[in-house]
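> Okay, predicted coordinates and the sequence, questions at the end:
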Amino acid sequence: MSTVTTGIPAVDLGKFTSGDPVLKAEFVQELGKAFHEVGFVAVTNHGVPKTLIDEFFNAAKGFFALPTETKMSAQIPGLAGQRGYTAFGVEHAKQSEVADLKEFFQIGQTVTDNDPIKDEYPPNVKVPERPGFTDLGDQLYASFENAGKNLLRAIAIFLDLDEHYFDQYVHNGNSILRAIHYPPITKEPKSAIRAEQHEDIDLITLLVGASADGLQLLNEANEWVPIKAGVDAIVINVGDMLQRLTNNYLKSTTHRVVNPPREKWHMPRLSIPFFLHPKSEMDLTCLDFCVTEDNPLHYEPITAGGYLDQRLREIGLKK
């Protein structure tokens with residue numbers, strides 16, 4: 001397994017949470033620079049327990065090993081894939097008509113306080129055949145959410161906003177934990193790859209190490225660069241919502257998951273991204289100070305909910 005991060009900068013979140021103001025300030029600049037120049041970063045000391053990640057990985061493998069008809073019973077019509085199972089060959093990149101070579105299961109927010117937003121979120125889907133699967137997902141969701149809040153606090157400071165600027169929007173936000181299974185490739189896949197080039201919809205994405213290689217980002221020289229992170233790192237990337245809010249100052253970088261060499265077609269791939277979304281009501285109007293003579297306004301005002309709805313239609317999850 002990889003112990004070294006390649007292709008992207010690496011930072012230590014422990015510096016931000018250490019209580020040392022000098023280390024905290026260093027982390028803010030390191031993360032901000034990476035998000036501005038690359039859009040991707042590998043984060044260590046993120047606070048997400050490796051044992052929990054491993055347990056959820058194993059539970060996810062167990063779910064995807066179920067018969068197709070059993071998995072299909074966890075697919076909920078009308079939810080645009082936002083809870084439960086989405087079958088192989090449904091989702092595609094917004095610029096592509098060819099479906100990605102993947103299936104996935106999604107777990108959403110569980111509101112535990114008296115926030116009335118609870119009524120906006122459907123319940124998570126239980127899988128009787130794998131009773132521990134969604135329970136572990138709920139735990140991993142909460143751990144990812146906590147790490148994501150710290151990263152957004154660092155970004156708020158980098159942007160000269162109040163450190164807790166994002167807190168009100170991501171508390172009980174519309175985040176999604178997704179377990180993605182790329183099955184073995186059994187025949188020539190025509191033009192399809194495991195995940196065609198795309199940008200994420202959210203504020204930031206947190207991705208724990210996949211079970212096989214394949215993740216690549218498109219750099220400024222228009223070259224595809226393989227990304228590998230150490231076993232204790234989480235790969236973080238800027239999503240379109242944060243890019244939009246900052247008027248392209250922070251970069252939502254194009255990335256993809258390519259097919260393995262033919263001799264490794266028999267190997268499946270499993271990855272676990274956490275898409276950190278704010279509440280639907282968050283205003284994504286570009287921050288005033290990010291609009292300058294050198295960087296004129298690129299986007300019309302829209303809410304996070306409106307933008308999510310638009311993008312879900314573009315990628316084929318919502319009709």
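Everything's here; your move.
> For the chain, name the helix or strand with the lowest mean pLDDT.
strand 195-198 (a mean of 80; mean pLDDT, DSSP states H and E).
> Report the mean confidence score over the lengthiest helix in the chain.
Looking across the chain with DSSP state H, the single longest helix is helix 133-158. Mean pLDDT, helix 133-158: 97.
> other SSEs contacting that helix?
helix 14-17, helix 21-37, helix 50-64, strand 103-107, helix 167-170, strand 176-182, strand 204-208, strand 269-276 (3 or more C-beta pairs under 8 Å, 6 or more residues apart in numbering; DSSP states H and E). For the C-beta atoms, the positions are set from N, CA and C on the backbone; glycine is no exception.
> Quick one: the helices in the stretch 201-319 of the chain, in order.
240-245, 304-314 (DSSP state H, counting those that start in this stretch).
> Low-confidence bits of this structure, can you list those?
Along the chain, the model assigns pLDDT under 70 to residues 1-5, 93, 95, 97, 189-194, 209-212.
> OK, contacts around C290?
Counting by C-beta atoms under 8 Å, 6 or more residues apart in numbering, C290 touches 159, 245-247, 249.
> Y299 versus that one, what's the distance?
Using C-beta to C-beta, to the nearest Å, we find C290 at a distance of 10 Å from Y299.
> For V257, give the beta-bridge partners.
A195, L215 (DSSP bridges).
> Could you double-check that it sits in contact with H181?
No. In this structure V257 lies outside contact range of H181 using C-beta atoms under 8 Å: 11.9 Å.
> Can you add distance to K33 and give the helices of the stretch 201-319 of the chain back as CSV?
Listed next are those as CSV, based on distance: least, C-beta to C-beta, whole Å:
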stretch, distance to K33
helix 240-245, 15
helix 304-314, 26
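> possible to save those helices as CSV with mean neighbour count and distance to F104?
Formatted as CSV, the helices of the stretch 201-319 of the chain follow (neighbours: other C-beta atoms under 10 Å; distance: least, C-beta to C-beta, whole Å):
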stretch, mean neighbour count, distance to F104
helix 240-245, 23, 19
helix 304-314, 17, 14
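> Quick one, which of those gets closest to S143.
helix 240-245 (20.9 Å; C-beta to C-beta).
> of V257 and H181, who's got more company?
V257 (24 against 20; other C-beta atoms under 10 Å).
> quick one on the thing from earlier: could you dump the helices and strands packed on helix 133-158 to a markdown table with distance to D115?
What follows is the helices and strands packed on helix 133-158, written out as a markdown table (distance: least, C-beta to C-beta, whole Å):
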| stretch | distance to D115 |
| --- | --- |
| helix 14-17 | 25 |
| helix 21-37 | 29 |
| helix 50-64 | 25 |
| strand 103-107 | 18 |
| helix 167-170 | 11 |
| strand 176-182 | 18 |
| strand 204-208 | 22 |
| strand 269-276 | 17 |
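> Nearest to D283 among these would be which one?
Across the helices and strands packed on helix 133-158, closest to D283 is helix 167-170 (C-beta to C-beta), at 9.2 Å.
> which one is L242 nearest to, not counting chain neighbours?
Spatial nearest neighbour of L242, excluding adjacent residues (C-beta to C-beta, 6 or more residues apart in numbering): L203 at 4.6 Å.
> wait, doesn't that neighbour sit right on P278?
Yes. Judged on C-beta under 8 Å, L203 makes contact with P278 at a distance of 6.2 Å.
> can you list residues touching both of these two?
Common neighbours of L203 and P278 are listed as 166, 170, 241 (criterion: C-beta under 8 Å, 6+ apart).
> nearest to I185, of those?
M241 (32.5 Å).
> give me the number of residues near the spatially closest residue to G7 that is not a sequence neighbour?
Once flanking residues are discounted, G7 sits nearest to I227: 4.3 Å by C-beta to C-beta, 6+ apart. By the criterion of other C-beta under 10 Å, I227 has 20 neighbours.
> Likewise for the one 5 residues further on?
When neighbours are defined as other C-beta under 10 Å, D232 has 15 of them.
> With adjacent residues omitted, what lies nearest to it?
That would be T44: by C-beta to C-beta, 6+ apart, it lies 5.6 Å from D232.
> What of H164?
R153 (6.6 Å).
> and if you look at T17?
N150 (6.2 Å).
> What are the neighbouring residues in contact with that neighbour?
Per C-beta under 8 Å, 6+ apart, neighbours of N150: 13, 16-17, 47.
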